[in-house]
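# okay, sequence plus prediction incoming.
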Amino acid sequence: MNIRKHLRESPQAHTSALNDILFILLLFFLIISTLANPNVVKLSIPKAKSDTKAKQTVVISIDSKQHFYVGTTLIPVDSLQSSISRAVAKSQDAEPTVVINADKQATADDIVAVMRAAHALNLRTVLAVDKEGK
């Protein structure tokens, strides 16, 4: 007489509760991530007691039509480096500084061109901005 069962059940883990738990954890982490502070990296930003003013050895202006001026003299872009070196030679400062006054309509390429010309002459550059940000 054969008393054993012919159909044996295979062992299975019940995972129906696992789906619920994972869904609740996912929802929890999504809610917490929106409440987290986005400024995770703490930086110590330097502060100044007064405005730092650079001595204006050479002032280069760029107007809205992308015209370059060294002082008040209109110059072509090609002769930018030579014009800066002549203006620095006239001033005879120990630490010459190039101040860039750019119009809002001036492109970043024009500003970078002035910075590259000053960098080639080992000069410090300062970009003049409006204090109120208007």
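Done, it's in. On a predicted model such as this, the values are computed, not experimentally measured, just so you know.

# look up phi and psi at the residue most central in space within the chain.
For the chain, A108 is the residue whose C-alpha lies nearest the centre (Cα atoms, centre = their mean; 13.0 Å). The phi/psi pair for A108 (degrees, to the nearest 10) reads phi -70, psi -30.

# just D78 next, same as before
Dihedral pair for D78: phi -60, psi -30, per degrees, to the nearest 10.

# what's around it, how many residues?
Number of residues near D78 (other Cβ atoms under 10 Å) recorded here: 8. Just so you know, the C-beta spots here come from the backbone N, C-alpha and C atoms, and that holds for glycine as well.

# for the helix or strand A89 falls within, give the mean pLDDT please.
Using DSSP states H and E, A89 sits within helix 80-91. Computed over helix 80-91, the mean pLDDT rounds to 88.

# tell me the first helix or strand C-terminal of it.
Using DSSP H and E, the helix or strand that follows helix 80-91 in sequence is strand 97-102.

# after the longest helix along the chain, which helix or strand is next?
Taking DSSP state H as the criterion, the chain has its longest helix at helix 16-35. For helix 16-35, the following helix or strand on the C-terminal side (DSSP H and E) is strand 58-62.

# what does that following strand contact?
Residues outside strand 58-62 that contact it (Cβ atoms under 8 Å, 6 or more residues apart in numbering): 68-71, 80, 84, 87-88, 91, 96-103, 106, 110-111, 114, 123.
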